[in-house]
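Trainee: Predicted model follows, preceded by the sequence.
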Amino acid sequence: MTWSKFDRMLKRTAALITVLLLSTAGTASAREPLVVGGTLASVSEAPWAVVLTNTAATRESKRWCGGVLVAANKVLTAAHCAGERVASYGVIQGRADLTDHSLGRFSAVSKVWVHPAYSTATNRNDFAVLTLKKPMTGVPVLRLETNPKADRRGAVPTVYGWGDTADTGPDDTLQKLAVPDLGDATCLGIKGYAENGYTAAANICAGYMDGTGDACQGDSGGPLVLNGRLLGIVSWGRGCAEPQYPGVYAEIAPVAKTLVEQVR
């Protein structure tokens, strides 16, 4: 597989965006997207996990990206998920199976804030905050991690998402996967990662070097959780569950103060 900035930046976002952009890159892989090694999760164990929908999505569910409820009316997601019209977005909470419309809550989005230092060249500061028109009162929210030392080799956070599965599990269904924190040195030592934006100051390197498991398309912006706090969000990587290429997550602690200002 050849490297391209589109493999790096958009592999975890909505399939529609990925297809459109990869078609212009000329160097993208034809490998199908998949989530490997996950298990079914319930909304009761992750009530703060939400689905970001968009009217431009081709899937019947309109699934676009993942997100996390950080206040009754605020959802944190990835900046690379937030480039469409504000009115085109919606947020679903409490629906593990997106085909079951009898469950969960839905809210339209009234405002989208993208981190002012977000870079499409390096994918740093890959954060966006959505303001909901209808606050999801009574739903537990996830606290932001403020300690940079929480990103440490050997920790085992869990990532949640509704992303594609390629028959490793049901599509459009909430799944979880424990992804060991491999430490910054691991990703910095991988050819292409540092050159394409990985930095110890802003990212978390987590997953399996043997390709056992990974987040992928449709999971962008979803929560990476450790000890009841939001450690990071799904951001980028090369391929999906490719051996020797773990996932890259946008780290919360370095930008926690900026994010807190947006979710008050």
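Mentor: Done, it's in. Residues are numbered from 1 along each chain as shown.

Trainee: Which parts of the chain are strands?
Mentor: Along the chain, the stretches classed as strands by DSSP state E are 39-40, 49-54, 63-71, 74-77, 89-93, 105-114, 128-132, 143-144, 158-161, 175-178, 203-206, 223-226, 229-236, 247-251.

Trainee: In CSV: those, plus mean neighbour count.
Mentor: The C-beta positions use only the backbone N, C-alpha and C, and glycine is treated the same way. Formatted as CSV, these follow (neighbours: other CB atoms under 10 Å):
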stretch, mean neighbour count
strand 39-40, 11
strand 49-54, 27
strand 63-71, 26
strand 74-77, 27
strand 89-93, 22
strand 105-114, 17
strand 128-132, 23
strand 143-144, 16
strand 158-161, 26
strand 175-178, 20
strand 203-206, 30
strand 223-226, 25
strand 229-236, 27
strand 247-251, 29
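
Trainee: Can you tell me which of the ones you listed is nearest to Ala185?
Mentor: Minimum separation from Ala185 across those (CB to CB) falls at strand 203-206, 8.3 Å.

Trainee: How far off centre is that closest one?
Mentor: 12 Å (CA atoms, centre = their mean, to the nearest Å).

Trainee: Could you do stretch 115-132 as well?
Mentor: 12 Å.

Trainee: Just the terminal-to-terminal distance for it.
Mentor: End-to-end distance for stretch 115-132: 17 Å, by CA to CA, to the nearest Å.

Trainee: what's the answer for stretch 159-178, then?
Mentor: 6 Å.

Trainee: Please work out the average pLDDT along that stretch.
Mentor: Per-residue pLDDT values over stretch 159-178 give a mean of 82.

Trainee: what residue ranges in the stretch 151-264 of the chain are flagged as low confidence?
Mentor: Within the stretch 151-264 of the chain, the segments meeting pLDDT under 70 span 164-169.
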